[in-house]
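Novice: no sequence on this one, just coordinates:
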Ligand code: SF4
């Protein structure tokens, strides 16, 4: 849709009724499954870009990735994981030193606090092992549902929907949800798609959000699911 006054394109957010696209009931489910199938073909090998060799490394990298690109996190963790090898190592880190080491990733004070606290919990309450359940992971200080789902899906192979900023934005634009709360979006996507598609669909949405359906300038003209999207600018 073109905003004539501003002379710029703008994206309609989940506007219903475009081309009679269903935004509820069985029609929505059918459309969601077609979108998933097309995106999974487009991004067949989608998986987290955060480099890690253990559940602990992925947990720390995911905490560090808030408001930051995965590429930048990977640059920092290359050195970080050489120095801190166990949860006890992170728990015993000098906060000022760790803050300095992750400074370039932004929100370094909060990230430092979260890493030290959650690793302290892992060392003291879980014998140094990262829990493999949602309850166990979210009971760790500094670990939210999104971070827990990343670890559960990528390391433990559990069927999960990860709702990050890209998944939230694309779910709304595609008209797959009316909710803005990540937990409710997670539930909506879980109801629309079969369990085995949850994780790969989240990963595909993240890649599509980075490559095509960008926050500021979505590339609708090059989008493989344009015909099924309620917010296309084409
Ligand atoms: S890029 Fe695709 S998914 Fe995003 S708004 Fe445009 S048509 Fe919809």
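Specialist: Thanks, I have the structure now. Keep in mind the model is a prediction, meaning the values are calculated, not measured.
Novice: helices of this structure, start to end?
Specialist: 25-42, 55-64, 70-83, 87-91, 95-101, 108-125, 134-138, 145-154, 165-173, 182-192, 195-211 (DSSP state H).
Novice: could I get the ones you listed as TSV with distance to residue 234?
Specialist: Placement of C-beta: from N, CA and C, glycine included. Supplementary listing: these in TSV, determined by distance: least, CB to CB, whole Å:
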stretch	distance to residue 234
helix 25-42	16
helix 55-64	35
helix 70-83	29
helix 87-91	48
helix 95-101	45
helix 108-125	39
helix 134-138	39
helix 145-154	31
helix 165-173	13
helix 182-192	24
helix 195-211	16
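Novice: buried deepest among those helices, which one?
Specialist: Most buried of those, by mean neighbour count (mean count of other CB atoms under 10 Å): helix 55-64, with a mean of 24.
Novice: tell me the average confidence for that helix?
Specialist: Average pLDDT, helix 55-64: 97.
Novice: can you list contacts of it?
Specialist: Applying CB atoms under 8 Å, 6 or more residues apart in numbering, the contact partners of helix 55-64 are 48, 50-52, 73-74, 76-77, 80-81, 84, 86-87, 90, 102, 105, 111, 114-115, 118-119, 122, 129-130, 132, 137, 142-143, 147, 150-151, 154-156.
Novice: for stretch 108-126, same thing?
Specialist: 56, 59-60, 63-64, 66, 86-91, 93, 95, 98-99, 102, 105, 128-131, 136, 139-143.
Novice: and that stretch, how far out from the chain middle?
Specialist: Stretch 108-126 sits 21 Å away from the centroid of its parent chain (CA atoms, centre = their mean, to the nearest Å).
Novice: quick one: mean pLDDT for that stretch?
Specialist: Rounded mean pLDDT across stretch 108-126 is 98.
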